[in-house]
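Student: 3D, please:
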Amino acid sequence: MLKPIDKRLQVSPFMVLYLITSVQVGVGVLGFQPLLLVANHDGWIAVLLAGLMVHFIIWILYKLIQNGKGDLIDIHQQAFGKWVGNSFSLSVMLYYIFTCITVLRSYIEVVQVWIFPDLPTWSFALVFMMLIYYVVTGGFRTVAGICFFSVIMPAYLALTFFFPLKFAKWENLMPLFDINIKPLFTASLHMTLSYLGFSVLLVFHPFIKDGEKTQKWAQLGTLVTTALYVFIEIITIVYYSRDQLKVVTWPTLGLWKIAELPFVERFEFIGIATWLLVILPNITMFLWAASRIGKRVFGYKQKYFLVAILIIVFVGCIYFESRETIDKLNSHVSNLGKYYNFVYIPFLFIIHSIIIKVRKSK
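Tutor: Alright, predicted model coming up:
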């Protein structure tokens, strides 16, 4: 069973808002819009439905936390026993590692396509790995601080999405609420891929003061994320035509190209550079969680697992070079995340609840 975390190592409950928001908003914001094409002009409604699904899963996560009185490793061991439970925890660890590879490699690809075509993948990945090592070895409070600043500092980018409105075709949103259930549901399932990351709550919640009572902050973080996605999706619908969205890889970057400022000619360069602050907590949090799982399962120091995982992520970024392999990586990891968050988590909740009730009845 997990020992209580020293209060000096914990962070305030309101930080959950920034922790959840920072892991849900990442490189996917740059190109989630084509996933919603099946819903036509009702794509923004699909975003809302996906957000509601996430709110429900977060409720399940807190029920697991309240029933299990521990973290992910404890919950797995209570539900499946030590050995099987640890194997499930290690599977989650691998999922977090591949998520890190996906996020970092996707961002490097954006930098290579839009700014530095000749940038070697290994050089960017190496520098980034050193930065991640410095942050994670600083402890969870340092990781939480990075998450906080990653929400606050890039917030100015929201204002840049108003520039495309001068070219908006508001009739693209019409007719409102002309809903076709099947395409809308399909689009909402696709959209859930852009929310992935919130399940890391099961790993970090012991480091939150009164962790079981922070659900309102986690739900508020998801609400902020949903509002951001809805806002960007509406701007996208009124700016792009359907045919354009079929061929544009990163629609959000296209919106930034419209921004005109007297001191910069191509604002998308500023946006891409700033987005580094957005993906930094994504990777930092997942690597912290992965190394934390390794420590909890095997009992060795967390920094040993961190170094090993950083090497794996570095090699993984170098391995995936072509557009096709990066797309396949994104597709496989996204589908894995969808099943983990929206199928496995509810399954774990049901199994764990049954076992807890049976044990209490004896």
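
Student: name the helices or strands packed onto the helix or strand hosting Val127?
Tutor: Using DSSP states H and E, the element containing Val127 is helix 121-136. Helix 121-136 is packed against helix 82-114, helix 140-152, helix 267-298, helix 302-319, with contacts defined by 3 or more Cβ pairs under 8 Å, 6 or more residues apart in numbering; DSSP states H and E. Just so you know, the C-beta spots here come from the backbone N, C-alpha and C atoms, and that holds for glycine as well.

Student: what's the most buried one of those?
Tutor: helix 267-298 (a mean of 22; mean count of other Cβ atoms under 10 Å).

Student: so it versus helix 82-114, what angle?
Tutor: 160 degrees (axes from the mean of the first three to the mean of the last three Cα atoms, to 10 degrees).

Student: starting at the chain centroid, how far to helix 267-298?
Tutor: 9 Å (Cα atoms, centre = their mean, to the nearest Å).

Student: which residues touch Ser106?
Tutor: Listed by Cβ atoms under 8 Å, 6 or more residues apart in numbering, the contact set of Ser106 reads 27, 326, 330.

Student: low-confidence regions, the stretch 101-250 of the chain specifically.
Tutor: Low-confidence segments of the stretch 101-250 of the chain, defined by pLDDT under 70: 177-179.

Student: list the contacts of the helix holding Val127.
Tutor: So helix 121-136 is contacted by 104-105, 108, 111-112, 142-143, 146, 280, 283-284, 287-288, 291, 306-307, 310, 313-314, 317-318, 321 (Cβ under 8 Å, 6+ apart).

Student: can you check stretch 25-32 too?
Tutor: For stretch 25-32, using Cβ under 8 Å, 6+ apart, the contacting residues are 103, 106-107, 110, 151, 191, 193-194, 197, 225, 228-229, 232-233, 249-253, 275, 278-279, 282.

Student: so what's Pro183 up against?
Tutor: Pro183 touches 38-40, counting by Cβ under 8 Å, 6+ apart.

Student: returning to that earlier point: let's see which of the contacts of Ser106 end up in helices.
Tutor: Per DSSP state H, helices hold the following members of those: 326, 330.

Student: tell me how many other residues surround the nearest residue to Lys303 once chain neighbours are set aside.
Tutor: In this structure, Lys303 finds its nearest non-sequential neighbour in Thr137, 5.9 Å apart by Cβ to Cβ, 6 or more residues apart in numbering. Counted with other Cβ atoms under 10 Å, residues neighbouring Thr137 total 14.

Student: tell me the secondary structure of Ile5, please.
Tutor: Three-state assignment for Ile5 (DSSP: H, G, I helix; E, B strand; the rest coil): coil.

Student: show me the contacts for the closest residue to it other than its chain neighbours.
Tutor: The shortest distance from Ile5 to any non-neighbouring residue, by Cβ to Cβ, 6+ apart, is to Pro206 (5.0 Å). Pro206 makes contact with 2, 4-5, 70-71, according to Cβ under 8 Å, 6+ apart.

Student: returning to what we had before: so which of the contacts of Pro183 is the closest to Leu52?
Tutor: Ala39 (15.0 Å; Cβ to Cβ).

Student: so the closest one, which of the three states?
Tutor: helix.

Student: correct me, but it touches Val47?
Tutor: No - Ala39 is beyond contact range of Val47, at 9.2 Å (criterion: Cβ atoms under 8 Å).

Student: who's more crowded, those two?
Tutor: Neighbour count, other Cβ under 10 Å: between Ala39 and Val47, Val47 has more, with 29 against 25.

Student: touching, the more buried one and Tyr229? I think so.
Tutor: Yes - using Cβ under 8 Å, Val47 makes contact with Tyr229 at a distance of 4.7 Å.

Student: what sits closest to Asp210 if chain neighbours are left out?
Tutor: Pro13 (5.7 Å).

Student: how about Ala79?
Tutor: His352 (4.4 Å).

Student: doesn't the one you found fall inside a helix?
Tutor: Yes - using three-state DSSP, the assignment for His352 is a helix.

Student: quick one: residues contacting it.
Tutor: Per Cβ under 8 Å, 6+ apart, neighbours of His352: 64, 67-68, 75, 78-79.

Student: distance of it from Ile270?
Tutor: 46 Å (Cβ to Cβ, to the nearest Å).

Student: now Leu223
Tutor: 28 Å.

Student: now do the strands in the stretch 151-300 of the chain.
Tutor: Shown for the stretch 151-300 of the chain, no strands are assigned by DSSP state E, counting those that start in this stretch.

Student: tell me how many other residues surround the residue nearest to Ala289 when sequence neighbours are not counted.
Tutor: Distances taken as Cβ to Cβ, 6+ apart place Val203 nearest to Ala289, at 4.3 Å, with adjacent residues excluded. Residues lying near Val203 (other Cβ under 10 Å) number 24.

Student: looks like Leu223 contacts Val54 (just checking).
Tutor: No - Leu223 lies out of contact with Val54 (Cβ under 8 Å); the separation is 9.7 Å.

Student: between those two, tell me which one has more neighbours.
Tutor: Val54 (29 against 16).

Student: work out for me the element the more buried one sits within.
Tutor: Applying DSSP H and E, one finds Val54 within helix 43-68.
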